[in-house]
Structures are given as C-alpha cells and as structure tokens.
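**Q** Predicted model and sequence below, questions to follow.
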Amino acid sequence: MTTLLSAPTPATTPTGASARLGYLRAAGVYLAVRVVGVVVLALFASSTGQPLLDRLTAWDGQWYLAIADDGYSGITHGLVDAAGNFAPNTPLAFFPLYPFLMHALATGTGLDSTTAGLLISAIAGIVAALGVYRLGKRAGEERTGLLLVALWAGAPLSITLSMVYTEALFTAFVAWALVGLVEKRWALAALCCVAAGLTRPTAVVLVGVVVFAGVVAFVRAPRPAPLVAAAAAPVGLVGYWLWVANRTGSLFGWFDLEWHGWNTRFDAGAETFGFVGRQLVQGRSVMEVGNVFVVFLAIIAAVLLLLRLRERPSWWPLILFGVGMVVLVAGTAGIPFAKARFLLPGFVLLLPLAQGLTGRRRSTAIAATAGVVLVGCWFSAYALTGWRYAI
C-alpha cells in the first residue's frame, strides 16, 4: 500500500512548471495571511496609541537587536531578564544564529538592525512556508499543503513570524530538516538540524528525531549517510551549550541562566497543569485562558497524529516531532502564557485539520481556514497590544 508520504510515481510526478507554480501559490498564501496579521496588529496598535514598529520589535526582539548591534559582551544596561535582573552573562540565554545573521546583513547592506531582522524573518517565513507546503502536499495533495501553510501562518501568536523573533527562522530549519528525513536527504536534514540548534533550544526535539531516524535507517540498511547525519545533528545545539558553559564556568551554565532569569526548566508539566487548572477555574485574562485552549488543542492534535501511525507508518518522523514538541512545551515551566508561541514551529500538529478540510467543499475549506486565521490574527494582535507582559 502506498503511504501518504511515499514518493510520487513517475506517472504522477508533476512537471517542473507545475511544481514551481505550487510553490508560488504557497508563498502567496503565506504572505497574504501574514499581511492580514500585520494589518490587524497595526489597527490594534493605532487604537491603543502604540507604534507598530515598537510592537514588531518588542520583548525578545530587543535582546536580539542588542546582541546584533553590540555582541554578547557589549550589552551593559537597558535590558533585564524575567526576574528584573541583568548580569554580564544574561544575554547568553539567547541563541546566536539569528542575531549573527542580522549583524551580517546590516553590515553587508548598510541596513539598520531592525530592518535586517524584519527582512530575515520575512524571507525565512517564506522558506518555511515552502517546506510546510511540501510536507503537507506529500501527506495528501496540493490543497492539503496550501491549507497547512494558511493554518500555520495564521495560528495563535503567528505574529512572531513577522517580528524580530526566531520563530520564522527556526521553523524554516525544522520544515526542511523534516523534508530531508522523509525524502532520505540526510545532508539536508543534518545541516538544517545543526542550524536549528543554533537558533532555539527547542531544537532538542528535532535533534532527537534526526538522530533516531538516522540510527534506524543505518540499522535497516547500513550506509554512512544516515549515521553521519545522526552524529552531526546535535552539533549546533550542544556546541552552543558547551560554549556557554565555557563562558560561565559551569557545565550547566545555559540552564542556570534560564532557571534563575526566566524560571524555565523541565518539570514534567507540573507548572503547566497547575496553570491550566487555575485558569479554568478563575481565568481572568484572554491571553492566559487562550493559551490553555491552545495547549488542549495541541494535545488533541498529537493524539490524532499518533492514531494515524499504524495506518501511515511513513509519517513517523513528523509524528515524533509533533508529539515531542507538545511534550516539551507542556512539560516545561516558565512563561506559561507563551505556550502558543512555543508550539508554533510544531506545524505538523495542524496536519489532521488540514487533511480534514481537504476533503470538504472548496468554499467550506476556505471559510473554515479564514475563520481560524482571523481568530489567530486577533489573538496575536491582542497579545502585543492588550497584554502587558512578554509573549
């Protein structure tokens, strides 16, 4: 039986022109949704007297801009962690690839760091959308891929894809690493995994998937490519952790910064479940209650993916990544009202919804997707204008 992620047969392989047209549609869908998201934010920002650019560079964006301009050692004041403190090693909590790219682009073109950061996010978002589309198409048809792009681009807190944040860049690496896995392009999977590990700590899930997939492939058919990919996958993430360990003088230096500065640690979900319980009983904030429902929906999506594993065994790298993201996000303490953002790179969780809509009438699928996108854009705009804490 042919699985949904198996390669197309020669008779059904699309021509180069039709494949390019599909990618253009995916990029167009992504850009259209993101324009709507930014316009909604602009309207909210205008109504509350907040400059749009200020909102697009808020919170973590200020850290990335400072690192891009001054390096890890050049920041001396003006920024604090979640505990309200600043120390020379505090900036090391933020991974280096995104601010490095911002600095390189600004230096090479004469752009300011803000423009460089927004441009990188825009380009990375398009690249991510193409990878999301490719995976969605393999899991169904072209409409599935386009629906998956739209649902992901308009998900709650998807505004961070258009901000000086790492979500767009990280998701681009994730999407194409997963493409590399399902298509057995081990070099692509390894390189994207290394880059993801230099972008966000949540790359630990992707690293685990690539390592496991490489080892499984090697055991089934011994050859060097998957084993080399498995060995290379952790280099970016572990390399940065070791660099921070050397800078701080502690093997767990990065984890100490996260714990003391942002109260972030893996606690197997103790804080998350306590937070969920409190919000369901006495929730008073749209932001907090909204994140509770996002976590619930992510858990349901993970279960739906698992239920399809027996029917579609070739999905397992995608399923493992999606479930791993839910476990990591739900099991990590710290900033509970930003769970929706942390789940954003787990776009594979939207596959069951995209597939379900694929089987509906075109008008129904468009209306349902538009509704999801509008709710996500509203939630994103509220998070940056009506919510006073970091997202």
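**A** Great, that's in hand. Numbers count the residues shown, from 1 in each chain.
**Q** so what does the helix or strand containing residue 355 touch, helix or strand wise?
**A** Secondary structure assignment for residue 355, by DSSP states H and E: helix 351-358. Judged by 3 or more CB pairs under 8 Å, 6 or more residues apart in numbering; DSSP states H and E, helix 351-358 is in contact with helix 142-153, helix 286-307, helix 362-385. Any C-beta I mention is one placed from the backbone N, CA and C, and that applies to glycine too.
**Q** Let me see the mean pLDDT of it.
**A** Across helix 351-358, the average pLDDT comes to 95.
**Q** With stretch 105-117 instead?
**A** Rounded mean pLDDT across stretch 105-117 is 97.
**Q** just stretch 263-279 next, same as before
**A** Across stretch 263-279, pLDDT averages out at 89.
**Q** Please identify the buried residues of it?
**A** In terms of neighbour count (16 or more other CB atoms under 10 Å), stretch 263-279 has its buried residues at 264, 269, 271-272, 275-276, 279.
**Q** What are the boundaries of the strands in the stretch 151-300 of the chain?
**A** Ranges of strands in the stretch 151-300 of the chain, per DSSP state E, counting those that start in this stretch, are 265-266.
**Q** What angle do helix 286-307 and the helix holding residue 355 make with each other?
**A** Relative orientation of helix 351-358 and helix 286-307, computed by axes from the mean of the first three to the mean of the last three CA atoms, to 10 degrees: 80 degrees.
**Q** can you pull the buried residues of stretch 102-112?
**A** Under 16+ other CB under 10 Å, the buried positions of stretch 102-112 are 102-103, 105-106.
**Q** can you give me the offset of the helix holding residue 355 from its chain's centre?
**A** Its chain's C-alpha centre lies 20 Å from the corresponding centre of helix 351-358 when counted by CA atoms, centre = their mean, to the nearest Å.
**Q** CA atoms only: put that helix into PDB for me.
**A** Coordinates of each C-alpha in helix 351-358 appear next as PDB, following Å, rounded to 0.1, in the frame of the first residue of the first chain:
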ATOM      1  CA  LEU A 351      -1.900  18.200   9.600                       C
ATOM      2  CA  PRO A 352      -5.100  16.400  10.800                       C
ATOM      3  CA  LEU A 353      -7.100  19.600  10.400                       C
ATOM      4  CA  ALA A 354      -5.600  20.400   7.000                       C
ATOM      5  CA  GLN A 355      -6.400  16.900   5.800                       C
ATOM      6  CA  GLY A 356      -9.900  17.100   7.200                       C
ATOM      7  CA  LEU A 357     -10.500  20.400   5.400                       C
ATOM      8  CA  THR A 358      -9.100  19.000   2.200                       C
END
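**Q** Any chance you could list what contacts that helix?
**A** 136, 139-141, 143-145, 147-148, 151, 301, 304-305, 308, 318, 322, 364-365, 368-369, 372 (CB atoms under 8 Å, 6 or more residues apart in numbering).
**Q** check which helix or strand covers the nearest residue to residue 385 once chain neighbours are set aside.
**A** Nearest non-adjacent residue to residue 385, counting by CB to CB, 6 or more residues apart in numbering: residue 44, 4.3 Å away. Residue 44 is located in helix 16-47, with elements delineated by DSSP H and E.
**Q** Which of the buried residues of stretch 102-112 lies at the shortest distance from residue 210?
**A** residue 102 (26.2 Å; CB to CB).
**Q** ok, now how distant is the closest one from residue 52?
**A** 19 Å (CB to CB, to the nearest Å).
**Q** can you check residue 276 too?
**A** On the measure of CB to CB, residue 276 and residue 52 end up 33 Å apart.
**Q** which residue packs closest to the spatially most central residue of the chain, ignoring adjacent ones?
**A** For the chain, the residue nearest the mean C-alpha position is residue 345 (2.3 Å; CA atoms, centre = their mean). Spatial nearest neighbour of residue 345, chain neighbours left out: residue 171 (4.5 Å); criterion: CB to CB, 6+ apart.
**Q** Surely that neighbour touches residue 130?
**A** No: the criterion here is CB atoms under 8 Å, and residue 171 misses it with residue 130 at 11.2 Å.
**Q** hang on, the earlier thing: can you name the residues in contact with the helix or strand following the helix holding residue 44?
**A** Using DSSP H and E, the next helix or strand after helix 16-47 towards the C-terminus is helix 52-56. The contact list for helix 52-56 (CB under 8 Å, 6+ apart) reads 38, 41-42, 45-46, 114, 118, 162-164, 384-385.
**Q** 6 Å instead?
**A** Identification of contacts with helix 52-56 by CB atoms under 6 Å, 6 or more residues apart in numbering yields 42, 45, 163, 384.
**Q** Please apply the same query to stretch 247-257.
**A** 89, 93, 241, 244-245.
**Q** hmm, try it at 10 Å
**A** With contacts defined as CB atoms under 10 Å, 6 or more residues apart in numbering, stretch 247-257 is touched by 72-73, 81, 87-95, 201, 240-246, 258-259, 264-266.
**Q** Okay, now the unreliable bits of the stretch 251-391 of the chain?
**A** Counting by pLDDT under 70, the stretch 251-391 of the chain shows no low-confidence range.
**Q** hmm, back to that, farthest-apart pair in the buried residues of stretch 102-112, please.
**A** 103 and 105 (7.5 Å).
**Q** Between those two, which contacts overlap?
**A** Jointly contacting residue 103 and residue 105 under the rule CB under 10 Å, 6+ apart are 68, 113, 116-117.
**Q** Most neighbours out of these, which is it?
**A** Within the shared contacts of residue 103 and residue 105, most neighbours by other CB atoms under 10 Å means residue 117, with 29 neighbours.
**Q** helices or strands up against the host helix or strand of it?
**A** Using DSSP H and E, residue 117 sits in helix 113-138. Packing contacts for helix 113-138, counted by 3 or more CB pairs under 10 Å, 6 or more residues apart in numbering; DSSP states H and E, involve helix 16-47, helix 52-56, helix 60-74, helix 97-109, helix 142-153, helix 167-182, helix 316-331, helix 351-358.
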